[in-house]
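Quick one, fold the following:
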Amino acid sequence: MDHDFGEVRLGQTVSHDFLVRNLGKGVLKVERAELSLPNMAIRSNPIEPGSEGRISLELKTAGMAGVVEAQALVFFNDPVLPKAVLTLRGRVRAPLEIRPFGAVYLAAFKDEPVEKVLTVVNNEEKPNAVKQIQSEGSHFVASLKIVEPGKVYAVTVKAVPGAPVGRYEETLAIEMSSPAGRVLRVPVHLFVKPDLYAMPDSVDFGEISLEQIRRSGAILDLLKQAIIVTSRRDQFSILSIVCDVPAVRVRQTPLSGASRTFRIDVSLDPDRLERGPLRGSIVVKTSDAELPELRIPVQGAVR
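Have a look, this model is predicted:
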C-alpha cells in the first residue's frame with residue numbers, strides 16, 4: 001500500500017493512516033515492523049474480526065531533500081497475511097536547492113571549451129541572495145547571473161583554458177546572504193582528457209566466485225569488458241599490449257595497422273584464476289609521440 005504525500009518543506013512531519021480490514025476469525029495485531037529510515041514511527045491498535053482499523057505511518061523530513069521513499073515492512077499475527085509493505089513517498093523541498101544536482105562534472109580535451117550551468121533556487125519566502133561565488137581550485141572558473149533577485153541565480157562553471165591533462169577534484173563555494181552566512185560548497189569534478197585516451201580508464205571485475213565459474217563457464221562471458229582507445233587528432237598504431245595479471249587476457253581490434261580507434265577486449269582465463277586479489281595494469285604502447293604509453297589499472301578479487 002502506497003501513499004504519495006506530494007511536496008513538503010524540509011523539517012515537516014508527514015503521516016498517513018493505512019486502512020486494514022480484518023477478514024479473519026481472530027484479532028489482527030501488528031507483531032513488529034521493520035522501518036527503512038531511522039526517523040519513522042508506526043502506530044497501530046488490534047483489529048477485531050470483521051472490522052477495519054488503521055496503521056499510522058509517520059515520517060520526519062529533517063535532514064532530507066529531493067525525492068523520498070520510506071517503507072515499513074509490517075508483520076502480522078495472521079498466517080494468511082503474514083506481512084505487508086507500507087510506503088510513503090514524495091518530495092522534500094529544501095530551503096536552498098542546487099539544480100540539476102549539487103555537483104559539477106566537466107570532461108573535455110585540453111583547450112576544448114566546456115561549461116555547465118547550475119541554478120541556485122531559494123524556496124523560502126524571505127529573499128536570500130547569492131553574495132559571491134569563489135573557485136576553491138585553479139582549474140575552473142565560475143560566473144554569476146541574477147535570474148530573479150533574492151530567489152533564483154545561475155552559476156556557470158567552465159574549465160580554465162590550458163588546464164593540464166588530468167583529473168581534478170575541486171570545490172565551488174557559494175556564499176548566501178542568509179543570517180547565518182551560509183556557504184554552499186559544490187564539488188567540481190574535472191577531467192581534462194589527452195588527445196589519446198582510454199574509456200573506461202580502468203577495469204574492475206569486482207568479487208568473483210571461483211566455485212561458480214567452475215560450475216558454469218557462462219559467467220566468464222558476463223565478466224568480459226571492452227576498452228575503447230581513441231585519438232581525436234590522427235591515426236595511430238598499437239605497438240604492444242601487456243597485462244601483468246596472469247589470469248587476464250587482452251585482445252585488440254583491429255589486430256594491426258593504423259586507426260583512430262581501437263577496441264581492447266579484456267577477459268579472464270579460467271585455467272589461471274586463483275583465489276586472491278586481482279591487481280595490476282594493462283600497458284598499451286602506441287606510436288603516438290605525445291602519449292606513447294597508456295597504463296590502465298586492473299582490480300578485482302577471486303574468492
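
neighbours around the spatially closest residue to Ala154 that is not a sequence neighbour, how many?
Nearest residue to Ala154 in three dimensions, chain neighbours excluded: Lys145, at 4.4 Å (CB to CB, 6 or more residues apart in numbering). All C-beta spots, glycine's among them, are computed from the backbone N, C-alpha and C. Around Lys145 there are 12 other residues, counting by other CB atoms under 10 Å.

Any buried residues in the helix or strand containing Lys145, and which?
In the assignment (DSSP states H and E), Lys145 maps to strand 140-148. Of the residues in strand 140-148, those buried under the neighbour-count criterion (16 or more other CB atoms under 10 Å) are Phe140, Val141, Ala142.

Kindly report the same for stretch 150-170.
Result for stretch 150-170 [16+ other CB under 10 Å]: buried residues Tyr153, Val155, Val157, Ala159, Ala163, Tyr168, Glu170.

End to end on it, go ahead and measure it.
This stretch, stretch 150-170, spans 27 Å end to end (CA to CA, to the nearest Å).

before we move on, back to that, need the max-distance pair from the buried residues of stretch 150-170.
Tyr153 and Ala163 (25.2 Å; CB to CB).

circling back to that earlier point, quick one: residues in contact with the strand holding Lys145.
Strand 140-148 is contacted by residues 104, 106, 119, 130, 132-135, 153-160, 163, 168, 170, 172, 188, 190 when judged by CB atoms under 8 Å, 6 or more residues apart in numbering.

what sits against the residue lying closest to Ile219 once chain neighbours are set aside?
Setting aside the residues directly before and after it, Ile219 is nearest to Ile213 in space (CB to CB, 6+ apart), at 5.3 Å. Ile213 is in contact with Ile219, Leu220, Pro270, Leu273, counting by CB under 8 Å, 6+ apart.

per-residue confidence at the last one?
Looking at Leu273, its pLDDT is 93.

Could you check how far it is from Asp244?
According to CB to CB, to the nearest Å, Leu273 stands 16 Å off from Asp244.

again, but for the third one
Pro270 sits 19 Å away from Asp244, going by CB to CB.

Then the second one?
Shown here: Leu220 relative to Asp244, a distance of 20 Å by CB to CB.

Show me this structure divided up by domain.
Domain assignment for the chain, taken from automatic domain parsing, gives 2-93, 96-193, 196-302.

those helices in the stretch 151-300 of the chain, which residues are they?
In the stretch 151-300 of the chain, the helices defined using DSSP state H, counting those that start in this stretch lie at 210-215, 218-223.

Name the residues of the first one that are buried.
What it means is helix 210-215. By neighbour count on 16+ other CB under 10 Å, the buried set for helix 210-215 is Ile213.

ditto for the last one
By 16+ other CB under 10 Å, helix 218-223 has no buried positions at all.

in this structure, what spans have low per-residue confidence?
Residue ranges of the chain with pLDDT under 70: 180-181.

where exactly do the strands run in the stretch 151-300 of the chain?
152-159, 166-176, 183-193, 196-199, 203-208, 225-231, 238-243, 248-253, 261-268, 276-286, 293-302 (DSSP state E, counting those that start in this stretch).

Which residues does stretch 248-267 contact?
Contacts for stretch 248-267 (CB under 8 Å, 6+ apart): 198, 203, 220, 223-232, 234-238, 241, 243, 268-269, 278, 280, 282, 284, 287, 298.

helix/strand/coil for Tyr105?
Put simply, Tyr105 is strand when judged by DSSP: H, G, I helix; E, B strand; the rest coil.

Can you list the residue ranges for strands in the stretch 1-150 of the chain?
Secondary structure of the stretch 1-150 of the chain (DSSP E, counting those that start in this stretch): strands located at 2-9, 13-21, 30-35, 40-44, 52-60, 66-76, 83-93, 96-99, 104-109, 115-122, 130-136, 140-148.

will you turn these into JSON lines that also has distance to Ser259?
Formatted as JSON lines, these follow (distance: least, CB to CB, whole Å):
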{"stretch": "strand 2-9", "distance to Ser259": "52"}
{"stretch": "strand 13-21", "distance to Ser259": "58"}
{"stretch": "strand 30-35", "distance to Ser259": "55"}
{"stretch": "strand 40-44", "distance to Ser259": "57"}
{"stretch": "strand 52-60", "distance to Ser259": "56"}
{"stretch": "strand 66-76", "distance to Ser259": "44"}
{"stretch": "strand 83-93", "distance to Ser259": "49"}
{"stretch": "strand 96-99", "distance to Ser259": "41"}
{"stretch": "strand 104-109", "distance to Ser259": "19"}
{"stretch": "strand 115-122", "distance to Ser259": "31"}
{"stretch": "strand 130-136", "distance to Ser259": "39"}
{"stretch": "strand 140-148", "distance to Ser259": "33"}
